[in-house]
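Peer 1: Structure for the following, please:
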Amino acid sequence: MAFHLPTFRVVRSSGLPAHAEPRAGVELSPIKDIELRASRIPGVVSLAQGIPSFDTPLPIKRYIQQKIAEGVCAKYSVAPGLPELRELISETLVREGMQYDPDGEILVTCGAIEAITATLLATVGPGDDVLLASPTYASYLPAVRLTGAVPRFVALDEDANFDLDTDAIADAVTRRTRAILLCNPNNPTGTIFSTEQMARMLEIAARHDLLVITDEVYKDFVYTDTGPANAASFPQHRDRVVSIWSFSKAYAMTGWRVGFLAAPRARVASILKVHDALVTCAPVVSQHAAVAALQLGAPFIEQFRREFRARRDRIIERLDRLPHIFDYQRPNASYFVFPRVKDTVPLARDSRRLASDLLERAHVAVVPGIAFGPTGEAHLRLCYARTPEEIDAACDRLEDYFAGRSAQTHVQAPAVPPAAPARPPRGRVRQAGVRSLQRLARVYLKRRRPRIVAIAGTRGKTVMKRVLTELLSAHLHMRANPLSYNTEVGLPLAVLNVSMNTRRPGSVAAAFVRALWTALVSRAPLDVLVLELGARRRGDMGEHLRIVRPDVAVVTGLEPSFSEEQQALAVLRAEIAQLCDAVHHSHGHLLLCGDDPSLETLAGDLPGVALFAKSHMRSDAGELQLNIDGTAYRVGREVVGDSSGYALEVAVRVGKILDLGDVDIEQFLAK
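Peer 2: I've put the predicted structure just below:
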């Protein structure tokens, strides 16, 4: 029997042609349906839609305010997403044991659901089957049906805390099966699929040549010592896996609509065509917010995780007070619990009617289990991402409802508008403060005299800083700040290793005290300072060069981040030329990307410039070699993408400039 989700009835307006009807089975998500109904009832407490109660962290919002003021959010980005964001994503995945080239294997999307839908549209079509673990996220069904394919449910093993049932998966595969789509950690159950079952599932996929699409949006909210095993972390199966993540949950950014996927190059190229047809690119302001999230958001993830764990424990305590109503499996991840309603409870076997009755009579919004697949029936999904007060209020009403007591209508008090942001300091005060910081930075550099490595350009800077840090920190006292320095105040703060929060009382004064101490007193050893010099406007590089004069300047490829950015690119090239001219005349070292025609031309006018290029990395009889100025170095470490290759060559060249020995360099490359 075909399974149909509850939805609003679609009424055709007068004169609408038949071919304009929605594709069969594409219906409004029941989660959105219940929230829409709840919005029309005063005083409802909602445990339905999975929206964190937290606001987007303040540092991310401040970063975006600056980006909007800089005028960099008003144009399309290139379709795959901002290069800087893709590089940061690649670095994040490296730390999690996955290697993906930011140039061709990572695609920034409008949230995870667009990534899932685009992947399905690029992969399956009418007559194909897609296997879905049941219970599973409700919005997967319309995404599958949009392609014309058919969702086929495979039951999870509820007795094993809803783990994968690989025997059931194997039995469900037919000649029409093309893909397996699953959420890990799972929504709605909060399950982390075991590594053993994940490995067996991948073996089945390999045996039948199936694509595996994994939705990893809740990976940051895990409450056990063992995290989820990403399917892409199994090297032998990497080529058949599309992994999808989102910034919505981890950073409380559901409204920003930004996520990403990672997959082999050919697969991403196919998905990119659909992504371009659907949305052109993810919202650029949201992409910059994602950059800030990756650079500044880690402490907030940990804070959110602790709070969600406490809320999980709270809602479990409340469920324990209704043992005659619910059984449940303790969720080990996400922020959902999926209790089973006992058979003795009226409407237990009709979760749609039970959820509707709870909404109408108790004024509590929950999602019926049937929304998540056939084996979700007789369950309810409760979201504990709400505040503790809302969780308690909802559970109080559930207790009243199941005790047969009528709920009173609760009218919510109007929200208190947020306080207006602090007024920014006046122009003269700010200008004086900036000039003071710049003077302190110059004093610090003159007193300490570290050798300065400056990185400029548009591509691969994040990877380059990481690799340089890995090599140099093993032999020298060095410092590299993870952020870019595109403002007049950013560079002196980076030189002085000081952060400043202008909206926190006392922060500015404290920052100046730290800056004074660093500039005039500190004796912390420092041999090398790695700085990133950004330039968006004419004169930016001149401001930087009044503070620092690099001993080594590395310029990566100059490519536009946006579809129409030629004027900005021309400004950047002029600023880079100024940097190169200054370093050349001060007898510093210049390393330019030889694969960029404009930089190759610039190098021709500056004798002694070294060029790094893709052609310097070659495979000889299966062994990777890096050839630099007639010396061949064996490379034992994995090189993924152009940015990684460039970074290794630059690290070697900078290491030699800083007098590292060949033995140290060879050991580094052999890792």
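Peer 1: Tell me how many other residues surround residue 386.
Peer 2: 23 (other C-beta atoms under 10 Å). To be clear about C-beta, it is placed using only N, CA and C from the backbone, and glycine gets the same treatment.
Peer 1: Next: residue 177.
Peer 2: Count around residue 177 with other C-beta under 10 Å applied: 22.
Peer 1: For it, give me phi and psi.
Peer 2: Phi and psi for residue 177, reported as degrees, to the nearest 10, are phi -70, psi 130.
Peer 1: That one and residue 449: what is the separation?
Peer 2: With the distance defined as C-beta to C-beta, to the nearest Å, residue 177 ends up 66 Å from residue 449.
Peer 1: same check, this time on residue 650
Peer 2: From residue 650 to residue 449 the distance is 23 Å (C-beta to C-beta).
Peer 1: more neighbours, these two?
Peer 2: residue 650 (25 against 10).
Peer 1: What pLDDT is listed against the more buried one?
Peer 2: In the predicted model, residue 650 carries a pLDDT score of 97.
Peer 1: isn't there a strand covering it?
Peer 2: No. Counting by DSSP: H, G, I helix; E, B strand; the rest coil, residue 650 falls outside a strand, being helix.
Peer 1: got the contact list for it?
Peer 2: Shown in contact with residue 650 (C-beta atoms under 8 Å, 6 or more residues apart in numbering): 464, 467-468, 554, 591, 612.
Peer 1: my read: residue 67 touches residue 82, true?
Peer 2: No. Residue 67 is not in contact with residue 82 according to C-beta atoms under 8 Å; the separation is 10.7 Å.
Peer 1: So what's the predicted local confidence for the nearest residue in space to residue 220 that is not next to it in sequence?
Peer 2: Distances taken as C-beta to C-beta, 6 or more residues apart in numbering put residue 250 closest to residue 220, at 4.2 Å, once the chain neighbours are dropped. Residue 250 carries a pLDDT value of 95.
Peer 1: Would you agree residue 250 falls within a strand?
Peer 2: No. If the criterion is three-state DSSP, then residue 250 is coil and not within a strand.
Peer 1: Now the common contact residues for residue 67 and residue 82.
Peer 2: Joint contacts of residue 67 and residue 82 (C-beta under 8 Å, 6+ apart) are residue 288.
Peer 1: Neighbour count for these two, which is higher?
Peer 2: Between residue 67 and residue 82, counted using other C-beta under 10 Å, the more crowded position is residue 82 (22 against 19).
Peer 1: Contact partners for the residue nearest to residue 297 when sequence neighbours are not counted?
Peer 2: Of all residues not flanking residue 297 in the chain, residue 251 sits nearest, at 5.0 Å (C-beta to C-beta, 6+ apart). Listed by C-beta under 8 Å, 6+ apart, the contact set of residue 251 reads 56-57, 60, 293, 297, 300-301.
Peer 1: residue ranges with poor pLDDT in the stretch 51-200 of the chain?
Peer 2: Scanning the stretch 51-200 of the chain for pLDDT under 70 picks out no residues.
Peer 1: Just the element for residue 127, please.
Peer 2: Following DSSP states H and E, one finds residue 127 outside all helices and strands.
Peer 1: For residue 174, see how far away it is.
Peer 2: 11 Å.
Peer 1: And the helix or strand hosting residue 65, what's buried?
Peer 2: Using DSSP H and E, residue 65 sits in helix 58-70. Residues of helix 58-70 classed as buried by neighbour count (16 or more other C-beta atoms under 10 Å): 59-60, 62-64, 67.
Peer 1: Tell me which residues are up against that helix.
Peer 2: With contacts defined as C-beta under 8 Å, 6+ apart, helix 58-70 is touched by 73, 251, 253, 285, 288-289, 291-293, 296-297, 486-487, 503, 536.
Peer 1: what about burial for the residues you listed, which qualify?
Peer 2: 73, 251, 253, 288-289, 291-293, 296-297, 486-487.
Peer 1: between the residues you listed, which is closest to residue 313?
Peer 2: residue 251 (23.0 Å; C-beta to C-beta).
Peer 1: quick one: that closest one and residue 153, what's the gap?
Peer 2: Distance from residue 251 to residue 153, by C-beta to C-beta: 32 Å.
Peer 1: Over to residue 311?
Peer 2: In terms of C-beta to C-beta, residue 311 sits 30 Å off from residue 153.
Peer 1: Give me the nearest residue to residue 131, chain neighbours excluded.
Peer 2: That would be residue 180: by C-beta to C-beta, 6+ apart, it lies 4.6 Å from residue 131.
Peer 1: meant to ask about residue 101, not that
Peer 2: That would be residue 641: by C-beta to C-beta, 6+ apart, it lies 2.9 Å from residue 101.
Peer 1: wait, that neighbour sits on residue 102?
Peer 2: Yes. Residue 641 lies in contact with residue 102 (C-beta under 8 Å); the separation is 6.3 Å.
Peer 1: residues shared between the contacts of these two?
Peer 2: Common contacts of residue 641 and residue 102 (C-beta under 8 Å, 6+ apart): residue 90.
Peer 1: ok, those two, which is more surrounded?
Peer 2: In this view residue 641 and residue 102 are compared by other C-beta under 10 Å, and residue 102 has more residues nearby, 28 against 21.
Peer 1: now, which of the contacts of residue 650 sits nearest residue 264?
Peer 2: Of all these, residue 467 has the smallest distance to residue 264: 23.3 Å, by C-beta to C-beta.
Peer 1: Can you give me the neighbour number for residue 155?
Peer 2: Residues near residue 155, counting by other C-beta under 10 Å: 17.
Peer 1: Throw the buried ones among the contacts of helix 58-70 into a markdown table and include secondary structure, thanks.
Peer 2: Putting the buried ones among the contacts of helix 58-70 into a markdown table (three-state DSSP) gives the following:
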| residue | secondary structure |
| --- | --- |
| 73 | coil |
| 251 | coil |
| 253 | coil |
| 288 | helix |
| 289 | helix |
| 291 | helix |
| 292 | helix |
| 293 | helix |
| 296 | helix |
| 297 | coil |
| 486 | coil |
| 487 | coil |
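Peer 1: got a list of what residue 272 touches?
Peer 2: 79-80, 107 are the contacts of residue 272 under C-beta under 8 Å, 6+ apart.
Peer 1: Which of the residues you listed fall within strands?
Peer 2: residue 107 (DSSP state E).
Peer 1: Out of the contacts of residue 272, which comes closest to residue 399?
Peer 2: residue 107 (46.6 Å).
Peer 1: For residue 271, see how far away the closest one is.
Peer 2: Taken as C-beta to C-beta, the span from residue 107 to residue 271 is 6 Å.
Peer 1: what about the closest residue to residue 161 other than its chain neighbours, distance to residue 63?
Peer 2: Counting by C-beta to C-beta, 6+ apart, residue 329 is the residue found nearest to residue 161 once chain neighbours are left out, at 4.7 Å. According to C-beta to C-beta, residue 329 and residue 63 sit 39 Å apart.
Peer 1: And residue 134, by the same measure?
Peer 2: 41 Å.
Peer 1: for residue 179, same thing?
Peer 2: Distance from residue 179 to residue 63, by C-beta to C-beta: 37 Å.
Peer 1: again, but for residue 269
Peer 2: 31 Å.
Peer 1: How about the secondary structure of residue 243?
Peer 2: strand.
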